[in-house]
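In: I would like the atomic coordinates for the input below:
(chains A and B)
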Amino acid sequence: MTLWSSILRFTLFAVAAAGLLSCATTPAEKALADRAALAKEVNDEVAIGRQMAAKLLGHLGRYANEPAVHYLELVGALVAARVGRPELSYRFAVLNTADVNAYATPGGYIFVTKGLLKAVRNEAELAGVLSHEIAHVNERHMYRELRPKQDVGAEESIVRLLSRGGSTLGGSITKLVEAGMKTLLKDGLGAEKEKEADEIGLMYAQATGYAPSALIEFLKRQRPTAKDRTGRVAGLERYLAAQKLTAPKGVEASIVAKRFERSLSSVR
Amino acid sequence: MYSRASEMFWFILSLFLFATPAFAGDETRYVQSVKADLLREPNAQAVKVGTMKRGDAVTVVETTGMWSKVRFGKANGWVSRIFLSANKPVGQADLQKEVPTSLEKASRRRPPSYSVNAAARGLAEDKNTGAGADGYKADYSALKKVEERKVKPDELEKFRDTAKLPK
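Out: Predicted structure coming up:
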């Protein structure tokens, strides 16, 4: 027997054995494996995200203006109830800084700054910003950057999956959280992911009942430079037109305007 | 002994076994949002041909950008892919029930556990613990206040309905 035929025979047996094993999984076992994989992923997302959230709160402080915080929670919960991942609890909080910004950490922790609450002009703009941040969470933008490269796929055998224990993170979480903070506060997620969150955010806002163009109007005021106008904002306007996204009809604009002013008047 | 015929047999068998998933058909996805419209064309203003609710299974036959062409029962149409998920939707409580791990416990078990566990107990000295090499100090007591707050479902419904936002 030649070396070549030995190698070929070994390979064929290995391939056949792997094929037989993959076929041995029943639909019920696959469903269980899918759920176990989802639970582990959610565990890891929340584990990383809540530690990042604690650091963000430690770094910038929590703004505890009750009417404003409660209003933020209602608008955020409305969007999350509509388009959020049902396996997550979304939390919304205000950071005590005059900078105009918003953040999302894995697992559903969403923050806006006090400066942003001053800068938004209506509920639809706030909903647009929150939709953008929820899109980052739903698409796992930060988590996929951070997670160890040993994620569990749905096709992985159930025995291997269940033997792995409750987490794929191990003792690496401290480093992952530090890397996440660097991405969150210094490097950013990158133009591609921001563009995706913008586009998904427009669709989320519309699905919740808000004018999707409100996010674009907000960005125009925050990013008035020519480069931004022709870049991110112009791209979003093209996307809005191409997708034919328009403001939903029938919304009680006066009620929305009144509660916006009432809730945020003490911030302004 | 090892013959050309047995070599061919194993080759064909392995091809068959591995090729099976590839011929298994179109992908199943589940509606993740509370509801999603089934549209005649891939744009938000297209004619609605149906409405799907969270958990409905669809078969994806084609994907273009943000849009997926799907089969839903006997209907065919387009739905934005952002409203679909590979996972069957499962609430947090059900997920905890069905797997041997608890989301909250798991997140509190991991290092730096001393500060997280202390925060879970609500100790006063928790404030500004857990600074890492990055210099950012964690405030777990502030996080606890954020996590303890809940929006009541009836209040959220009232907030939505008084403004006539869609259900």
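In: Bridged to residue A:103, which residues?
Out: residue A:111 (DSSP bridges).
In: That one is in contact with residue A:184, isn't it?
Out: Yes: taking contact to mean C-beta atoms under 8 Å, the distance of 5.9 Å between residue A:103 and residue A:184 places them in contact. For glycine as for every other residue, the C-beta is placed from the backbone atoms N, C-alpha and C.
In: shared neighbours of those two, which are they?
Out: Taking C-beta atoms under 8 Å, 6 or more residues apart in numbering or on different chains as the contact rule, residue A:103 and residue A:184 both touch residue A:56.
In: which helices and strands sit right next to the host helix or strand of residue B:96?
Out: Residue B:96 is part of helix B:92-98 when elements are defined by DSSP states H and E. Applying 3 or more C-beta pairs under 8 Å, 6 or more residues apart in numbering or on different chains; DSSP states H and E, we find helix B:92-98 packed against helix A:27-60, helix B:103-109.
In: quick one: average confidence on it?
Out: Helix B:92-98 shows an average pLDDT of 70 in the prediction.
In: contacts for it?
Out: By C-beta under 8 Å, 6+ apart, the surrounding residues in contact with helix B:92-98 are A:32, A:35, A:38-39, A:42, A:86-89, B:90, B:102-103.
In: For my notes, confirm residue A:205 occurs in a helix.
Out: Yes: assessed by DSSP: H, G, I helix; E, B strand; the rest coil, residue A:205 belongs to a helix.
In: wait, isn't it in contact with residue A:127?
Out: Yes: contact criterion C-beta under 8 Å: residue A:205 and residue A:127 qualify, at 5.4 Å.
In: Tell me which of these two has more neighbours.
Out: It is residue A:205, of residue A:205 and residue A:127, that has more neighbours when counted by other C-beta atoms under 10 Å in any protein chain shown, with 32 against 29.
In: do the helix or strand hosting residue B:159 and chain A meet at all?
Out: Using DSSP H and E, residue B:159 sits within helix B:153-162. Yes: using C-beta under 8 Å from any C-beta of the partner chain, helix B:153-162 reaches chain A at B:155-156, B:159-160, B:162.
In: Residue B:40: what's it in contact with?
Out: Counted by C-beta under 8 Å, 6+ apart, residue B:40 has contacts B:46-49, B:77-78.
In: Out of the residues you listed, which end up buried?
Out: B:46, B:77-78 (16 or more other C-beta atoms under 10 Å in any protein chain shown).
In: that's a helix at residue A:215, yeah?
Out: Yes: counting by three-state DSSP, residue A:215 is located in a helix.
In: Could you report the neighbour count for it?
Out: Residue A:215 has 27 neighbours, counted by other C-beta under 10 Å.
In: quick one: contacts for it?
Out: Contacts of residue A:215 by C-beta under 8 Å, 6+ apart are A:125, A:128-129, A:131-132, A:198, A:201-202, A:205, A:236.
In: Could you point out which of the contacts of residue B:40 is nearest to chain A?
Out: Chain A has its nearest neighbour among those in residue B:46, at 7.8 Å by C-beta to the nearest C-beta.
In: which residues does the closest one contact?
Out: The neighbourhood of residue B:46, defined by C-beta under 8 Å, 6+ apart, consists of A:244, B:39-40, B:78.
In: same question, residue A:134
Out: Shown in contact with residue A:134 (C-beta under 8 Å, 6+ apart): A:76, A:79-80, A:83-84, A:90, A:104, A:110, A:201, A:204.
In: elements contacting the helix holding residue B:159?
Out: Using 3+ C-beta pairs under 8 Å, 6+ apart, helix B:153-162 sits against helix A:66-83.
In: quick one: is the helix it packs on near chain B?
Out: Yes: using C-beta under 8 Å from any C-beta, helix A:66-83 reaches chain B at A:69, A:73-74, A:77-78, A:81-83.
In: What count of nearby residues applies to the closest residue to residue A:239 other than its chain neighbours?
Out: Distances taken as C-beta to C-beta, 6 or more residues apart in numbering or on different chains place residue A:199 nearest to residue A:239, at 5.3 Å, with adjacent residues excluded. Look at residue A:199: counted by other C-beta under 10 Å, it has 22 neighbours.
In: In whatever helix or strand residue A:199 lives in, which residues are buried?
Out: Assessed by DSSP H and E, residue A:199 sits inside helix A:191-208. Buried residues in helix A:191-208, defined by neighbour count with 16+ other C-beta under 10 Å: A:193-194, A:196-208.
In: And stretch A:217-224, by the same measure?
Out: Going by neighbour count (16+ other C-beta under 10 Å), the buried part of stretch A:217-224 is A:217-219.
In: from these, which is closest to residue A:264?
Out: Proximity of the buried residues of stretch A:217-224 to residue A:264 (C-beta to C-beta) peaks at residue A:218, which lies at 14.2 Å.
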